[in-house]
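1. Mind folding the following:
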Amino acid sequence: MSAPPTASAPEQLQAALFHFAIGELVRQHRSSFPPLWTTESWAKLMIWLALNCGCSGDDEGLRQFAASLGPALARTLRQTFFERTLEDLELRLLADPADPQVVLLPLPGAGALPPERVAEALARVGLSELVVADPAGWQQLDGLVAVPWAQASEAVHS
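-> As a prediction, the model looks like this:
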């Protein structure tokens, strides 16, 4: 049995360039669509991308754009949009509002995340008012810290 065909060097480079360019585009513009850290912000970015790719702004044009992305690219774009790496704090933050909590992970070799560093990261990216502020409500799980969204916590307590 022969090995499956592999992509040529130019195809691999084109794919790498596309992945790099689309990631940079999202990182450069993700703060341009308030309110940040919301699905509304994500939708605004997607509409902006669709319009700049020549799609119409009507429902059908936006649906076609979304379908053309496919699930893998859409997932990558969304992850890039809602993720931040804070090198100086040695952590990575994932804050997709579709998830029940914000997750903070130490960068390789960084060790545990003390509550002070987590709080500083949340404040720096503008999440302090959107999550449970009290570290007693946070979960420490195998080196990562899970911080619930404030409105999810309020819904549980009401």
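2. List the neighbours of stretch 75-84 that are in contact with it.
-> By CB atoms under 8 Å, 6 or more residues apart in numbering, the residues outside stretch 75-84 that reach it are 19, 22-23, 26-27, 30, 37, 41-42, 45-46, 69, 92-97, 125. Backbone N, C-alpha and C define where each C-beta goes, glycine included.
3. could you flag which of the residues you listed are buried?
-> Among these, the ones that count as buried by 16 or more other CB atoms under 10 Å are 22, 26, 30, 37, 41-42, 45-46, 69, 92-97, 125.
4. List just the nearest of the residues you listed to G61.
-> M46 (11.7 Å; CB to CB).
5. in what helix or strand does the closest one lie?
-> Here M46 sits within helix 39-52, counting by DSSP states H and E.
6. Report the angle between the following helix or strand past that helix and helix 39-52.
-> Downstream of helix 39-52, the next assigned helix or strand under DSSP H and E is helix 59-81. Angle, helix 59-81 to helix 39-52, by axes from the mean of the first three to the mean of the last three CA atoms, to 10 degrees: 120 degrees.
7. Give me the buried positions along helix 59-81.
-> Neighbour-count burial for helix 59-81 [16+ other CB under 10 Å]: G61, L62, F65, L69, T76, L77, R78, T80, F81.
8. rewinding a little: with only the CA atoms kept, save the helix holding M46 in PDB.
-> C-alpha atoms of helix 39-52 as PDB (Å, rounded to 0.1, in the frame of the first residue of the first chain):
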ATOM      1  CA  THR A  39     -21.300  37.000  20.400                       C
ATOM      2  CA  GLU A  40     -22.400  40.400  19.100                       C
ATOM      3  CA  SER A  41     -18.700  41.400  18.700                       C
ATOM      4  CA  TRP A  42     -18.000  38.100  16.900                       C
ATOM      5  CA  ALA A  43     -21.000  38.600  14.600                       C
ATOM      6  CA  LYS A  44     -19.800  42.200  13.700                       C
ATOM      7  CA  LEU A  45     -16.400  40.800  12.800                       C
ATOM      8  CA  MET A  46     -17.900  38.200  10.600                       C
ATOM      9  CA  ILE A  47     -20.200  40.700   8.800                       C
ATOM     10  CA  TRP A  48     -17.100  43.000   8.300                       C
ATOM     11  CA  LEU A  49     -15.200  40.100   6.800                       C
ATOM     12  CA  ALA A  50     -18.100  39.100   4.500                       C
ATOM     13  CA  LEU A  51     -18.600  42.600   3.200                       C
ATOM     14  CA  ASN A  52     -14.900  43.000   2.600                       C
END
